[in-house]
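Okay, here's the prediction I keep looking at, along with the sequence it came from:
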Amino acid sequence: MTKIANSPDRDALKKVGTSVRARLEADPRAYKVPTDKAEIYAIGGFMSDAECIKLCTMIDDVAKPSELFDMDYSTGFRTSYSGNLDPHDPFVSGLSRRIDDFMGMEPEFGESIQGQRYMPGQEFKPHNDWFYPDQEYWKIEKKRGGQRSWTAMAFLNDVEAGGATHFTEVGIKIDPKPGVLLVWNNALPSGLPNEDTMHAGTPVEAGSKYVITKWYRSRRWNLAKPQ
């Protein structure tokens with residue numbers, strides 16, 4: 001486990017946390033999940049049925065076995081299929097900007113929207129979205145945007161069985177509902193990474209599950225890996 005008391009980007013994470021928190025608290029559409037362990041908000045009807053259907057098709061076009069830094073699909077930790085959506089596509093860029101505006105985030109701090117598809121038996125085991133600075137991958141991530149601040153994830157379809165998002169430390173499971181946007185702060189109000197944001201995509205038992213995710217960084221995001 002990382003020594004989060006000395007976590008980099010702490011001041012930036014504290015600042016963006018304060019800003020986004022104030023914006024969401026002032027928005028009547030944002031429902032705050034009742035817990036003191038993490039800042040989690042749900043927004044129903046953020047996307048239309050037609051938008052969800054279109055995104056599912058786009059995900060099918062780019063999906064390939066998901067990766068997780070130094071772990072590949074064969075480890076069984078993350079067994080979904082995923083792929084980044086084209087940020088220059090007018091539909092994708094418009095949706096991305098809508099999420100930015102809802103959260104009050106500057107576009108340059110957001111990563112490209114990633115689509116994920118889960119079929120029966122596929123899952124994403126408990127993990128945090130924030131980066132562990134004591135891991136080798138941090139040398140790259142600190143140069144292309146730094147620590148992740150907020151996560152925005154939208155459900156795109158009804159799942160026949162399974163596929164809930166389980167915040168394991170908070171003790172809640174959120175079932176997929178088309179068009180619902182789920183957002184959470186990966187840091188504490190102090191700016192330190194919040195270990196209680198540990199979450200999992202539980203196994204799909206029947207049907208399929210489609211979601212999109214957009215992560216925000218503490219600094220301007222640069223997709224290109226430094227040499």
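Structure's in. What do you need?

got the residue ranges for the helices in the protein?
Under the criterion DSSP state H, the chain contains helices at 10-25, 49-62, 90-103, 138-141.

For the protein, just list every one of the strands.
31-32, 40-43, 64-65, 81-84, 114-118, 124-127, 148-155, 161-162, 165-167, 172-174, 181-185, 199-201, 204-206, 209-217 (DSSP state E).

Just give me the residue right at the centre of this structure.
When C-alpha atoms, centre = their mean is applied to the chain, the residue found nearest the centroid is T151 (3.8 Å).

Not counting residues beside it along the chain, what's closest to that residue?
Ranked by C-beta to C-beta, 6 or more residues apart in numbering and with sequence neighbours excluded, the top spatial neighbour of T151 is D129, at 5.0 Å. In this view, the C-beta of every residue, glycine as well, is placed from N, C-alpha and C.

Equivalent analysis for T213, please.
Here the nearest residue to T213 in space, its sequence neighbours aside, is M153; by C-beta to C-beta, 6+ apart that works out to 4.6 Å.

isn't that neighbour right up against N186?
No. Counting by C-beta atoms under 8 Å, M153 sits too far from N186 to count as a contact (11.9 Å).

still on that earlier bit, contacts only, for the residue nearest to T213.
Contact criterion C-beta atoms under 8 Å, 6 or more residues apart in numbering gives T165, L181, L182, V183, V211, I212, T213, K214 as the residues in contact with M153.

Let's have the residues you listed in a markdown table, adding pLDDT and distance to T202.
Written out in a markdown table, the entries for the contacts of M153 read as follows (pLDDT from 0 to 100; distance: C-beta to C-beta, whole Å):
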| residue | pLDDT | distance to T202 |
| --- | --- | --- |
| T165 | 98 | 8 |
| L181 | 98 | 19 |
| L182 | 98 | 14 |
| V183 | 98 | 19 |
| V211 | 98 | 13 |
| I212 | 98 | 18 |
| T213 | 98 | 16 |
| K214 | 98 | 21 |
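
Give me the pLDDT value at the nearest residue to S96 once chain neighbours are set aside.
In space, not counting the residues next to it along the chain, S96 is nearest to I113; the distance is 5.6 Å by C-beta to C-beta, 6+ apart. I113 is assigned 98 on the pLDDT scale.

okay, now I113: neighbour count?
Counted with other C-beta atoms under 10 Å, the burial measure for I113 works out to 23 neighbours.

Kindly provide the distance from it to T18.
Applying C-beta to C-beta, to the nearest Å, the value for I113 to T18 is 25 Å.

Check N194 too.
N194 sits at a distance of 14 Å from T18 (criterion: C-beta to C-beta).

just to revisit the earlier point, so who does the residue nearest to T151 touch?
Going by C-beta under 8 Å, 6+ apart, D129 touches R148, T151, N186, T197, W215.

Tell me which two of those sit farthest apart.
Checked with C-beta to C-beta, these reach their widest spread between T197 and W215, with 12.2 Å between them.

Show me the shaky parts of the chain.
For the chain, applying pLDDT under 70 flags the ranges 1-6, 68-75, 224-227.

neighbour-wise, which of N194 and T18 wins?
N194 (23 against 12).

If we ignore the residues flanking it in sequence, what's nearest the more buried one?
With sequence-adjacent residues excluded and distances taken as C-beta to C-beta, 6+ apart, N194 is closest to L188, at 4.8 Å.
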